[in-house]
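1. Below is the sequence, then the predicted model.
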Amino acid sequence: MKTPEIVLDSTLVCPHCGHEETVRMPTDACQWFYECTQCHQILQPLEGDCCVFCSYGDVPCPPIQLQQQGSGMGCCHD
């Protein structure tokens with residue numbers, strides 16, 4: 001069985017100031033808070049999302065990537 005490719009870097013876009021920053025995602029936990037390095041606003045997941053990467057990133061978190069590939073159980077809230 002082929003091991004799925006998981007992308008570990010996601011570019012977060014701050015909804016307050018538009019600042020973009022590429023961040024390494026944790027593989028063993030959801031990240032519920034992230035402080036924008038430009039405007040210092042604290043980002044939190046939007047309703048229905050498990051983490052800030054699923055809400056503001058260009059790549060969903062690793063557990064969601066695995067779920068989308070059919071080889072994972074989903075994220076922390078599932």
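-> Yep, that arrived.
2. From here on, just use CA atoms for contacts and neighbour counts.
-> Noted.
3. quick one, what contacts the residue nearest the centre of the chain?
-> Central residue of the chain (CA atoms, centre = their mean): F53, 2.0 Å from the mean position. Shown in contact with F53 (CA atoms under 8 Å, 6 or more residues apart in numbering): S10, L12, M25, Q31, P45, V59, P60, C61.
4. If we use 10 Å, what do you get?
-> 9-13, 23-25, 30-34, 43-45, 59-62 (CA atoms under 10 Å, 6 or more residues apart in numbering).
5. Might you report the residue contacts of V52?
-> 12-13, 25, 30-34, 43-46, 60-61.
6. and the contacts of F53, which are buried?
-> 9-13, 25, 30-31, 34, 43-45, 59-62 (16 or more other CA atoms under 10 Å).
7. circling back: which ones among the contacts of V52 map onto strands?
-> L12, V13, Y34, L43 (DSSP state E).
8. Adding pLDDT and distance to Q67 as columns, could you present those residues in JSON lines?
-> Below are those laid out as JSON lines (pLDDT from 0 to 100; distance: CA to CA, whole Å):
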{"residue": "L12", "pLDDT": "97", "distance to Q67": "21"}
{"residue": "V13", "pLDDT": "98", "distance to Q67": "23"}
{"residue": "Y34", "pLDDT": "97", "distance to Q67": "23"}
{"residue": "L43", "pLDDT": "98", "distance to Q67": "24"}
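9. quick one: low-confidence parts of the protein?
-> 1-4, 72-78 (pLDDT under 70).
10. which residues of the chain fall in helices?
-> Secondary structure of the chain by DSSP state H: the helices cover 52-56, 62-68.
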